[in-house]
Every structure is written in structure tokens, then in C-alpha cells.
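In: give me a model of this one.
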Amino acid sequence: MVSNKVYVIGVGMSKFLKPRGEVDYPEFGLEATVKALNDAGITYDDVKFAAVGYVYGDSTAGQRVLYQLGMTQIPIINVNNNCSTGSTALYQARSAIASGSVDCAMALGFEKMARGSLTSTFSDRTNPLDHVMMVMMQERGFEPKAPAAAQIFGNAGIAYMEKYGATAQHLAKIAEKNHRHSSKNPYSQFQDIYTLEQIEKSPKVFGPLTKLQCCPTSDGAGCSILASEAFVVKHNLWDQAVEIVAQVMATDSPRMLTNDAIEWAGCDMTRHAAAKAYKIANITPNDVQVIELHDCFSANELLTYESLGLTPVGKAHTLIDSGDNTYGGKYVINPSGGLISKGHPLGATGLAQCTELVWQLRNWAGDRQVQNVRYALQHNVGLGGAVVVTIYKKANEKPSQPRVGYNPAIEAKSITKDDYEKAASGRRAEFLEAKL
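Out: Just a heads-up that it's a prediction; the model follows:
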């Protein structure tokens with residue numbers, strides 16, 4: 001089977017915002033895409049395949065965004081895989097290049113969300129999570145006023161606490177860390193620093209989880225441009241290229257439907273994907289310096305420490321006690337602020353994680369830069385379920401400089417007409433004339 005090397009050559013994202021009506025998905029989707037193309041120094045004409053992820057929206061919304069850059073007739077596939085949607089789009093784009101089908105592909109993710117907790121969109125058909133919900137109701141009951149996702153992840157965290165001795169304060173410390181990290185990220189929905197006491201005393205959501213330990217609904221977009229080795233050589237992009245040295249997607253095992261609440265959060269598929277990714281990359285967790293993982297709730301970050309092999313079984317909370325999950329420790333986990341503080345526009349999350357890690361590997365991240373980064377790890381999970389684990393490494397040791405006139409890792413600027421002109425297809429006039 002052909003498996004060509006794949007590199008991330010351009011990334012971009014919009015600022016993540018509280019859901020609001022005045023900005024629609026074509027706008028922030030275009031912003032992320034233009035930024036990624038400008039970062040790569042190419043135009044939309046160079047892109048030969050696009051995978052576009054979003055959860056809430058009508059079919060072919062990906063085309064609606066990308067047609068603004070030109071109607072070039074490339075394949076555009078729209079993806080919905082719950083909270084792992086963005087990384088699923090990334091997985092599809094990487095696969096297209098690894099197979100040799102194309103030499104340049106785009107992964108775009110965006111979301112325009114309703115305010116408040118997530119709810120099921122359709123009431124006239126089977127809920128994809130009905131099986132795990134039935135198990136949870138039988139084993140732990142159900143609180144009608146609490147969000148279903150908070151109950152699944154909250155119960156998983158409670159089970160871990162019962163089994164291994166972690167405490168509610170460990171969960172609060174995770175949230176405190178991520179809010180503190182986000183204060184240095186201009187793209188974060190929230191940039192406020194909270195004390196541990198403030199986090200513990202914020203309104204209860206479910207079990208030990210308080211409001212400041214739960215990700216908010218968000219609007220936003222992220223985009224990554226991927227390329228083959230031949231494309232990198234042709235366009236002289238080695239200094240900024242970041243290699244995807246391993247990427248594994250997995251779905252649930254039968255353990256998800258057992259009476260072990262820890263497994264309801266999809267821990268076993270993360271274990272499987274992570275172990276396989278380390279093997280492909282020929283590294284161990286000890287070789288990784290920076291991690292962006294799926295902290296939709298503080299409980300899930302705790303569980304994921306163990307699932308990713310960062311700690312022995314039952315010892316995830318010791319990573320918190322030792323300070324090995326933040327600056328000065330063994331790993332820096334969620335330097336962006338994670339989902340808890342950066343925000344969680346479902347389709348954009350996986351691409352925003354990729355963007356942060358590419359900036360970290362390029363040494364562009366300013367005050368939130370992790371020192372001496374060699375390998376970066378990304379974890380993006382969706383209930384129902386799917387997980388994508390990706391390992392990155394910079395293509396070479398040479399420093400790179402932003403080509404857009406400012407450092408996008410530390411300044412969240414809007415795109416200009418000139419930015420758009422540099423990114424758009426030479427055939428964009430056809431679209432504009434047809435629109436008029």
C-alpha cells in the first residue's frame with residue numbers, strides 16, 4: 001500500500017467567539033481558509049481536494065464557504081463525526097495525500113452553534129448515543145436537568161475518582177490550568193484567569209463538574225493545508241513544514257457498553273489509537289513535549305492522561321500533583337487553553353488543535369511557547385464515537401518566519417482584501433459574476 005509522507009504547510013483560524021447572530025459561517029470559514037493559504041504562500045488553485053467538517057448545518061455548507069475562493073471543481077467532502085469532526089476532516093485530507101491521489105489538500109472545520117448546552121437536533125429518530133445512555137441510566141441514573149454529555153463524562157470522572165483515589169480538586173486544578181494557559185492565546189473565547197476557589201465555587205453542572213470546568217458553545221473556524229514531499233520541495237516550504245509522522249483514527253470497542261463508567265467516555269478507543277500512533281511514529285509518550293487534547297470537561301482531560309499513556313493505570317491525578325501537565329513540567333498540555341477556555345466550535349476544534357501545535361513546532365507561540373519541542377501530540381474525540389490521535393514533528397530544525405507581515409500565533413487579526421486576493425483562485429471572477 002502506498003503511504004507517502006504528508007506535511008502541514010499552512011494553518012489558520014478565526015478567533016473563537018460566543019455564539020452570536022451577526023457573523024455567519026461563510027465569513028469565519030473564509031477567514032480561516034484565507035489565513036491558512038496565505039501562511040502556506042499558495043492559492044486555492046493549488047488545492048486539489050478539500051474535506052470540510054461541521055456538525056450543525058445543512059449539507060454542502062463546505063462548498064458554500066470554499067466557492068468564495070473560486071469554483072475550481074475539486075472534490076469537496078463534507079464531514080460530520082460529532083466532536084472529532086475537525087480531525088476527521090484532517091484525517092481525510094492526509095489520507096488523500098498519503099495515497100498519492102493528490103499533492104495538496106485542505107482540511108477546513110467550522111461551526112455556528114446555538115447558545116446553551118448541546119441538545120439533540122432530531123426528536124423523530126434514534127439518537128446515536130441511545131445505547132450508552134441506556135447503560136448509564138441503568139448503572140448511575142439520569143438527571144433530566146443536566147446536559148447528557150456532562151453526565152457521561154462526569155460519571156466517567158466520578159468512577160475514576162472512586163476507583164483510583166483522584167479527587168474533585170484534581171478536576172478543578174485542570175480547569176484552573178487551562179484558563180491560565182488561555183490568557184496568552186488571542187484566539188481564545190475566554191482569556192480570564194480564575195483561582196482554584198473560583199472554579200470550585202462556580203455553578204454546579206453535574207457531579208463534581210462546575211461551569212468553569214465545562215467547555216462553552218462557540219462559533220469559529222480552523223483550516224490546515226497539507227502537502228506531499230514533492231509539493232514541499234517544489235514550493236520551497238521546508239522551513240515551515242510540519243510532518244504528520246503518525247495519525248490513527250479509531251472507533252469504540254465493546255467496553256464502551258459495559259458497566260464501567262470510565263469506558264462510557266470512549267477511553268478504550270483512545271488507548272487503541274494512541275498505542276498504534278506511537279508505534280507508527282516509533283516513539284513513546286516520553287518523547288512528546290506538547291499536547292493538545294480533548295478537554296470538553298475537566299474529567300475527560302484526567303481520563304485522557306491515562307488513555308494516552310502519559311501515566312500508568314490509575315495514576316492520572318499524579319500528573320496534576322507533580323505539575324507535569326503545565327509549563328516547567330514533563331508535558332505542557334493544552335497550551336492554547338483547551339476546549340474549556342479556548343472554546344469548542346465542534347467542527348473547528350480539531351483544526352484549531354492542529355494550528356496550535358504547528359505554531360508550537362515552528363517556535364512561533366510567544367509567551368505560551370513550549371521550550372525545545374520535538375514532537376507534538378493531538379487528541380480529538382467525539383462520543384458515539386470516533387477519536388483521532390495525530391503526532392507531529394517539524395520537517396527540519398531551521399527557523400521559519402511568518403510570511404504575512406505579522407505573527408498569527410500571537411496576533412488574531414482579521415483578513416484584509418489583499419489577504420483574500422492572494423489566496424483566491426484565478427478563476428474567482430466566474431463565481432463573483434454568477435453571484436451578481
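
In: middle-most residue in this protein, spatially?
Out: For the chain, residue 350 is the residue whose C-alpha lies nearest the centre (C-alpha atoms, centre = their mean; 2.3 Å).

In: next one: it, what pLDDT does it get?
Out: We have a pLDDT of 98 for residue 350.

In: mind exporting the helix or strand harbouring it as CSV, just the C-alpha atoms?
Out: Using DSSP states H and E, residue 350 maps to helix 346-361. Extracted C-alpha coordinates of helix 346-361, given in CSV (Å, rounded to 0.1, in the frame of the first residue of the first chain):
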residue,chain,number,x,y,z
LEU,A,346,-17.3,21.4,17.2
GLY,A,347,-16.2,21.2,13.6
ALA,A,348,-13.3,23.6,14.2
THR,A,349,-11.8,22.1,17.3
GLY,A,350,-9.6,19.5,15.6
LEU,A,351,-8.2,22.1,13.1
ALA,A,352,-7.6,24.6,15.9
GLN,A,353,-5.6,21.9,17.8
CYS,A,354,-3.5,21.3,14.7
THR,A,355,-2.9,25.0,14.2
GLU,A,356,-1.7,25.5,17.8
LEU,A,357,0.7,22.5,17.5
VAL,A,358,2.1,23.7,14.2
TRP,A,359,2.8,27.1,15.7
GLN,A,360,4.5,25.4,18.7
LEU,A,361,6.7,23.3,16.4
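
In: off-centre distance for it?
Out: Centroid separation for helix 346-361 versus its chain: 5 Å, with C-alpha atoms, centre = their mean, to the nearest Å.

In: repeat for stretch 60-75
Out: With C-alpha atoms, centre = their mean, you get 23 Å for stretch 60-75.

In: endpoints of that stretch, how far apart?
Out: With C-alpha to C-alpha, to the nearest Å applied, stretch 60-75 spans 12 Å between its terminal residues.

In: quick check: mean pLDDT across it?
Out: For stretch 60-75, the mean pLDDT works out to 97.

In: please apply the same query to stretch 131-151.
Out: 94.

In: what comes up buried for it?
Out: Buried residues in stretch 131-151, counting neighbours by 16 or more other C-beta atoms under 10 Å, are found at 132-133, 135-136, 140, 146-151. From N, CA and C alone the C-beta is placed, and that goes for glycine too.

In: repeat for stretch 265-279
Out: 265-278.

In: also stretch 199-219?
Out: Buried residues in stretch 199-219, counted by 16+ other C-beta under 10 Å: 199-200, 202, 205-210, 212-219.

In: one more: stretch 237-252?
Out: For stretch 237-252, by 16+ other C-beta under 10 Å, it's 237-238, 240-252.

In: that older thread, let's see which of the buried residues of stretch 131-151 end up in helices.
Out: Here DSSP state H is the test, and these give 132-133, 135-136, 140, 148-151 as lying in helices.

In: would you point out the most distant pair within those?
Out: 135 and 150 (16.6 Å; C-beta to C-beta).

In: residue 336 versus the residue nearest to the centre of the chain, what's the distance?
Out: Residue 350 sits at a distance of 12 Å from residue 336 (criterion: C-beta to C-beta, to the nearest Å).

In: tell me which helix or strand residue 230 sits in.
Out: helix 229-234.

In: same question but for residue 38, I mixed them up
Out: Assigned by DSSP H and E, residue 38 falls within helix 25-40.

In: for residue 12, same thing?
Out: Residue-wise, residue 12 maps onto strand 6-13 under DSSP H and E.

In: could you export that strand as CSV, CA atoms only?
Out: C-alpha atoms of strand 6-13 as CSV (Å, rounded to 0.1, in the frame of the first residue of the first chain):
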residue,chain,number,x,y,z
VAL,A,6,2.4,14.2,4.5
TYR,A,7,3.3,17.7,5.7
VAL,A,8,1.2,20.6,7.2
ILE,A,9,2.3,23.6,5.2
GLY,A,10,-0.3,26.2,6.3
VAL,A,11,-2.6,26.8,9.2
GLY,A,12,-5.1,29.5,10.2
MET,A,13,-8.1,30.0,12.4
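
In: how far is it from where the chain is centred?
Out: So, by C-alpha atoms, centre = their mean, the centroid of strand 6-13 is 14 Å from its chain's centroid.

In: from residue 423, how far off is the closest residue to residue 422 other than its chain neighbours?
Out: Excluding its sequence neighbours, the residue lying closest to residue 422 (C-beta to C-beta, 6 or more residues apart in numbering) is residue 38, at 5.7 Å. The gap separating residue 38 from residue 423 is 6 Å, by C-beta to C-beta.

In: who's more crowded, those two?
Out: residue 423 (27 against 24; other C-beta atoms under 10 Å).

In: which residues touch that one?
Out: Residues counted as contacts of residue 423 (C-beta atoms under 8 Å, 6 or more residues apart in numbering) are 33-34, 37-38, 43-44, 69.

In: that older thread, so what's the residue nearest to the centre of the chain up against?
Out: Contact analysis of residue 350 by C-beta under 8 Å, 6+ apart lists 53, 84-90, 109, 222, 378, 380, 388.

In: same question for residue 98.
Out: 2-6.

In: let's see that with 7 Å instead.
Out: Shown in contact with residue 98 (C-beta atoms under 7 Å, 6 or more residues apart in numbering): 3-4, 6.

In: again, but for residue 385
Out: With C-beta under 7 Å, 6+ apart, residue 385 has these contacts: 251-252, 256, 266, 269.

In: same thing but 6 Å
Out: 252, 266 (C-beta atoms under 6 Å, 6 or more residues apart in numbering).

In: okay, it and residue 264: tell me how far apart.
Out: Distance, residue 385 to residue 264, using C-beta to C-beta: 10 Å.

In: what's the answer for residue 392, then?
Out: Shown here: residue 392 relative to residue 264, a distance of 29 Å by C-beta to C-beta.

In: and the pLDDT for residue 428?
Out: 69.

In: repeat for residue 384
Out: On the pLDDT scale, residue 384 is placed at 93.

In: then residue 23?
Out: Value for residue 23, per-residue pLDDT: 89.

In: and it, its phi and psi?
Out: phi -120, psi 130 (degrees, to the nearest 10).
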